[in-house]
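Colleague: Provided below for reference: sequence and predicted model.
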Amino acid sequence: MIARREWLRLSLGAGTALALDPGLLRALQPPQPAKPGQLLTRAIPSTGERIPLVGLGSSATFSQVARGADVGAIRDVLRTLVEQGGRVFDTAPSYGASEEVAGRVARELGLTDRIFWATKVNVARGGGAADPAAARAQIETSFQRLGKRPLDLVQVHSLGDVPTQFGLLKTLKREGRVRYVGLTSTDERQYAELATLMRNEPIDFVGVDYAIDNREVEQTILPLAQERKVGVLVYAPFGRTRLWARAAGREVPAWAADFDARTWAQFFLKFVASHPAVTAITPATSRAANMADNIAGGVGRLPDAATRARMVALVDAWPKAGAGS
């Protein structure tokens with residue numbers, strides 16, 4: 001716990017409680033049975049293909065390390081992801097060197113075809129129009145960097161000019177060059193637009209932020225994803241650095257052992273994982289030890305509805321993290 005918090009602090013800098021919806025609580029399913037040590041999987045709703053519940057994101061510290069000359073840490077974390085049963089890797093052209101370095105390292109390790117690559121497209125700036133040629137060029141660059149054919153998932157980043165860019169993705173899917181297509185937003189102000197698109201477009205995935213102290217998507221987006229059979233990738237399950245700041249100096253409660261959580265990372269991830277709408281979670285890290293800890297958040301028992309409520313009450317009672325966390 002201390003090592004991870006200090007790493008995040010050094011890498012990133014300083015980083016009306018909401019009641020759980022009774023409808024959500026009724027919808028929650030019992031924890032999935034699994035063999036000891038086996039990473040749980042979830043089905044992609046549009047096809048039934050199963051993917052591991054915990055993966056890897058490449059913003060934040062991963063992106064910072066990818067900019068450096070020594071990519072040994074990237075090599076270690078990707079190897080750990082796959083060795084521990086993970087597959088899902090989320091990236092974007094806007095994450096600096098992450099996409100290029102991850103693709104190159106995966107090729108060197110012979111892991112390219114063992115990874116479920118999820119990347120993004122967005123050449124629209126400031127909410128403006130996207131140049132179709134520029135969008136296509138950005139996607140072609142991602143194909144070259146990641147090296148997998150077809151590419152597993154491409155999403156329109158931050159709902160940028162959806163008619164143009166999602167239209168391009170639908171064409172690529174029809175051509176068989178992309179397997180799944182979707183949209184992302186980590187801005188609560190865009191959720192109404194995202195919900196409308198989920199109701200009206202053939203979307204395989206949405207990518208949203210969701211954490212134990214950031215539960216807005218429980219109101220509309222997650223129930224709608226279940227209704228419309230849309231997969232959900234979860235970003236920022238630790239609130240970026242916010243939850244680490246709030247948990248500082250606190251012990252994981254003894255009752256967390258009832259759902260096999262032994263660290264705060266596992267506690268936070270198991271809360272997110274226990275929502276039935278969640279398909280995969282992609283916390284970012286550039287440390288192999290943290291990658292293994294994160295994977296354990298998708299192993300074993302998951303909290304039931306009553307335990308989720310207890311987890312929320314615990315975290316909501318903590319002082320709020322400072323601004324910028």
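Modeller: Okay, I see it.

Colleague: And the lengthiest strand in the chain, what does it pack against?
Modeller: Longest strand of the chain, by residue count under DSSP state E: strand 178-185. Applying 3 or more C-beta pairs under 8 Å, 6 or more residues apart in numbering; DSSP states H and E, we find strand 178-185 packed against strand 151-156, helix 162-174, helix 191-200, strand 205-209, strand 231-235. C-beta: built from backbone N, CA, C; applies to glycine.

Colleague: Residues in contact with it: which ones?
Modeller: 44, 46-47, 120, 150-159, 162, 166, 169-170, 172-173, 191, 193-194, 197-198, 201-208, 230-231, 233, 235 (C-beta atoms under 8 Å, 6 or more residues apart in numbering).

Colleague: Buried among these? Need that as a selection in ChimeraX.
Modeller: To isolate the buried ones among the contacts of strand 178-185 in ChimeraX, judged by 16 or more other C-beta atoms under 10 Å, type:
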select :44,46,120,151,152,153,154,155,156,157,158,159,162,166,169,172,173,191,194,197,198,201,203,204,205,206,207,208,230,231,233,235
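
Colleague: In which helix or strand does V77 reside?
Modeller: Using DSSP states H and E, V77 maps to helix 72-83.

Colleague: Show me what the following helix or strand past that helix is packed against.
Modeller: Note on helix 72-83: by DSSP H and E, the next helix or strand toward the C-terminus is strand 88-90. For strand 88-90, the packing partners by 3+ C-beta pairs under 8 Å, 6+ apart come out as strand 56-57, strand 116-121, strand 231-235.

Colleague: Make CSV from these and add distance to T279 and mean pLDDT to it.
Modeller: Formatted as CSV, the helices and strands packed on strand 88-90 follow (distance: least, C-beta to C-beta, whole Å; pLDDT from 0 to 100):
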stretch, distance to T279, mean pLDDT
strand 56-57, 14, 97
strand 116-121, 11, 98
strand 231-235, 4, 98
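
Colleague: List the residues that contact the closest residue to R79 other than its chain neighbours.
Modeller: Once flanking residues are discounted, R79 sits nearest to L109: 6.0 Å by C-beta to C-beta, 6 or more residues apart in numbering. Shown in contact with L109 (C-beta under 8 Å, 6+ apart): R75, L78, R79.

Colleague: Would you check that W244 makes contact with A236?
Modeller: No: judged on C-beta atoms under 8 Å, W244 makes no contact with A236 at a distance of 11.9 Å.

Colleague: Let me know whether M291 touches E83 as I believe.
Modeller: No: under the criterion of C-beta under 8 Å, M291 makes no contact with E83, lying 9.5 Å away.

Colleague: The two - which one has more neighbours?
Modeller: Neighbour count, other C-beta atoms under 10 Å: between M291 and E83, M291 has more, with 25 against 13.

Colleague: I would like the residues contacting the strand or helix carrying N290, please.
Modeller: Element membership for N290 (DSSP H and E) is helix 288-296. By C-beta under 8 Å, 6+ apart, the surrounding residues in contact with helix 288-296 are 3-4, 7, 39, 54, 56, 73, 76-77, 79-81, 84-86, 262-263, 265-266, 269, 283, 285.

Colleague: Now with 6 Å, please.
Modeller: For helix 288-296, the surrounding residues in contact (C-beta atoms under 6 Å, 6 or more residues apart in numbering) are 4, 39, 54, 76-77, 80-81, 84, 86, 263, 265-266, 283, 285.

Colleague: Out of those, who's the most crowded?
Modeller: Of all the contacts of helix 288-296, the highest neighbour tally under other C-beta under 10 Å goes to V54, namely 30 neighbours.

Colleague: That residue and I281 touch, don't they?
Modeller: Yes: assessed by C-beta atoms under 6 Å, V54 is found in contact with I281 at 5.4 Å.

Colleague: could you point out the longest helix in this protein?
Modeller: Ranked by residue count and defined by DSSP state H, the top helix of the chain is helix 132-146.

Colleague: which of the residues in that helix are buried?
Modeller: Residues of helix 132-146 classed as buried: A135, R136, Q138, I139, S142, F143, R145, L146 (neighbour count, 16+ other C-beta under 10 Å).

Colleague: Compare the helices and strands packed on strand 178-185 and report which one is nearest to A124.
Modeller: Shortest separation from A124 across the helices and strands packed on strand 178-185 is recorded for helix 162-174, at 7.1 Å, computed as C-beta to C-beta.

Colleague: Can you name every helix or strand that that closest one contacts?
Modeller: Using 3 or more C-beta pairs under 6 Å, 6 or more residues apart in numbering; DSSP states H and E, the elements in contact with helix 162-174 are helix 132-146, strand 151-156, strand 178-185.

Colleague: Noted, bye for now.
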